[in-house]
Each structure stands twice: as C-alpha cells, then as structure tokens.
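In: Sequence below, structure please.
(2 chains)
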Amino acid sequence: DAMVIQNPRYQVTQFGKPVTLSCSQTLNHNVMYWYQQKSSQAPKLLFHYYDKDFNNEADTPDNFQSRRPNTSFCFLDIRSPGLGDAAMYLCATSRDGVTGEQYFGPGTRLTVT
Amino acid sequence: DAKTTQPNSMESNEEEPVHLPCNHSTISGTDYIHWYRQLPSQGPEYVIHGLTSNVNNRMASLAIAEDRKSSTLILHRATLRDAAVYYCILRDVGSGNTGKLIFGQGTTLQVKP
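Out: Numbers count the residues shown, from 1 in each chain, chains lettered A, B, ... in the order given. Prediction:
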C-alpha cells in the first residue's frame, strides 16, 4: 500500500514558469519534509512542517515555498524555476520530528527547459 | 552538525556478508546513528538506527563502537536488490533540535552475481 505519494512522478516546466509539486500521505504523520536531490548528490532538506508549523532551512532559496493545507497533503511551489532547479524532489514524513524514522515517497523529477 | 565519513564505494558478491563502515569521530551524546539506503530511481528508505548498543532488525545489523566514534552496517547476506547508496547519518535529538536528517555522500554498494 502506498504510504507517501508524490504526483506527478515527472514534471517538465519552462524557465520562469511557476510549478507546484504535490505530496500526500496515508500514515497520519505529524511531520512532512521536502528534500531536493540533484544528479549524483545526496538529498538536501529544503524545509519541513511539524503539524502546521513551518520550518525553513537557512539556505533554502526564497524561490521555494511550501503549503500544508491539512495533515495529509503538502505542496512545494517553485515560483520562478531556473535551470539550476532541475532535480529530484523528495517528500518524506515522520510520526515525530525527533526520533522517528522518515518515510520517503518515490520523488518527482523536475526538468526545466 | 556532526559529520560522518564513509567510503565512496564498495563491492560485494551475492550471498556474502557486507560490512559498511562509518566514522563519526565528533559524535555527541545526543546523536543517534541512522542508516538509510537509496535504491536506483527511488526515494531513500530507513534501514536501522541505534544509540549505544548494537541493533538488529530484519534488514540489517548495526554494530556501534564502544566509544561511538564509528559504526558498521552489516548486511548478512547481500542480494542483487541490496545494490544502493547507503547513508550513515547522525541525528541530533538534543533539546531544541528537530532531529533532521543531513545526508552525506554515502557509500555506493555494488553487488556482483
């Protein structure tokens, strides 16, 4: 059974055209994370929500925003994608943000043309 | 954030045990040692974690040095499906910390038939 679902799996957008990636979870976990993974690199945390509390990483560009309208869904908005934003975007969840293991979705591969 | 050092790559033969080392000489008392792995074209998945004592689960074993400055992930019988990038991560759960995962470069494990 799918636990962390990301749609779409592949997304193509144009330079500067806003794009939204979505993530949903069936685990009822409190915490949801967004990671960026560029080619041949390790995942890098962008931000996370603990319930409705938003926590931004210090080096996450302002171009990246997130919304969590309810427990199950979380969105990643890229306001003006640049070529350097082409990457795999991974969503993950955790029951608590401290000790619990994180469950990752399959990722959305974003291409910017 | 405490850092880990892992070999870039390792090879193993199918059905043989694999020992994946990780050095974390600057580990603090509130750091848990987590291992995740990422199979090709998938999101990372949790493998195991521990604090001081050795740990076993259905996927692997984790051996932690007495001084906690190093650890070893043990796959008892490697299969072709174990070919992945293995990440050793220190997760700080001390007061005021969010326990976020900071991925290093990991070890790419190749399993030969």
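
In: Which strands or helices does whichever helix or strand B:Ile74 is part of pack on?
Out: In this structure, B:Ile74 sits in strand B:70-75 according to DSSP states H and E. Counting contacts by 3 or more C-beta pairs under 8 Å, 6 or more residues apart in numbering or on different chains; DSSP states H and E, strand B:70-75 is packed against strand B:18-23, strand B:45-50, strand B:61-64, strand B:84-92. C-beta: built from backbone N, CA, C; applies to glycine.

In: So which residues on chain A come close to chain B?
Out: Residues of chain A found near chain B (C-beta under 8 Å from any C-beta of the partner chain) are A:4, A:33, A:41-45, A:48, A:50, A:55, A:90, A:92, A:96-99, A:101-107.

In: sorry, back to before: any chance of the helices and strands packed on strand B:70-75 in TSV, plus mean neighbour count, distance to chain A and mean pLDDT?
Out: Compiled in TSV, those are given as follows (neighbours: other C-beta atoms under 10 Å in any protein chain shown; distance: least, C-beta to the nearest C-beta, whole Å; pLDDT from 0 to 100):
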stretch	mean neighbour count	distance to chain A	mean pLDDT
strand B:18-23	19	14	97
strand B:45-50	19	4	95
strand B:61-64	19	13	98
strand B:84-92	23	7	92
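
In: can you list the ones you listed in a markdown table and add distance to A:Leu83?
Out: Output for the helices and strands packed on strand B:70-75, formatted as a markdown table (distance: least, C-beta to C-beta, whole Å):
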| stretch | distance to A:Leu83 |
| --- | --- |
| strand B:18-23 | 34 |
| strand B:45-50 | 30 |
| strand B:61-64 | 40 |
| strand B:84-92 | 25 |
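
In: Go through those and name the closest to A:Val112.
Out: strand B:84-92 (24.4 Å; C-beta to C-beta).

In: which residues touch the closest residue in space to B:Ser61 that isn't next to it in sequence?
Out: Nearest non-adjacent residue to B:Ser61, counting by C-beta to C-beta, 6 or more residues apart in numbering or on different chains: B:Ile74, 4.3 Å away. Residues near B:Ile74 by C-beta atoms under 8 Å, 6 or more residues apart in numbering or on different chains: B:17-20, B:60-63.

In: re earlier: and the residues of chain A next to chain B, which are buried?
Out: Neighbour-count burial (16 or more other C-beta atoms under 10 Å in any protein chain shown) is assigned, among those, to A:4, A:33, A:42-45, A:48, A:50, A:90, A:92, A:97-98, A:101-107.
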